[in-house]
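A.B. asks: the sequence isn't on hand, but the structure is:
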């Protein structure tokens with residue numbers, strides 16, 4: 001499986017992002033940076049996350065610890081939304097069974 005990569009130095013230059021910011025994200029475990037032939041590279045699959053984190057950091061002045069907390073909370077919200085969806089589906093099954101039983105009378 002081939003992964004598309006962006007050279008970190010090029011990304012930082014074009015997007016006006018400090019390389020130290022990306023290093024902080026990597027150290028906190030929010031992103032992974034690969035090294036290919038001596039070049040530090042960012043997988044394109046992480047671009048959306050990096051751009052979101054950069055907006056938080058540069059535009060909203062949220063530090064990396066705050067970004068970590070937001071990332072964690074958004075993950076929890078997503079899990080809870082999935083659980084609600086599953087429970088609604090189960091409830092719908094029980095409700096439809098109950099109505100089917102009522103139709104038999």
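C.D. replies: That came in fine, so what should we check first? Quick caveat: nothing in here was measured; it's all calculated off a predicted structure.
A.B. asks: longest strand anywhere in the protein?
C.D. replies: Ranked by residue count and defined by DSSP state E, the top strand of the chain is strand 39-43.
A.B. asks: could you give the average pLDDT over the following helix or strand past that strand?
C.D. replies: Toward the C-terminal end, the helix or strand that comes next after strand 39-43 (DSSP states H and E) is helix 47-54. Mean per-residue pLDDT for helix 47-54: 96.
A.B. asks: for the helix or strand following helix 47-54, which positions count as buried?
C.D. replies: Going down the chain from helix 47-54, the next helix or strand is helix 64-103, by DSSP H and E. Neighbour-count burial for helix 64-103 flags 64, 67, 68, 71 (criterion: 16 or more other C-beta atoms under 10 Å). Where you see a C-beta, it was placed from the backbone N, CA and C, and this is true even at glycine.
A.B. asks: just the pLDDT for the third one.
C.D. replies: Listed pLDDT for residue 68 reads 98.
A.B. asks: got any ranges where the chain has weak pLDDT?
C.D. replies: For the chain, applying pLDDT under 70 flags the ranges 1-3, 97-105.
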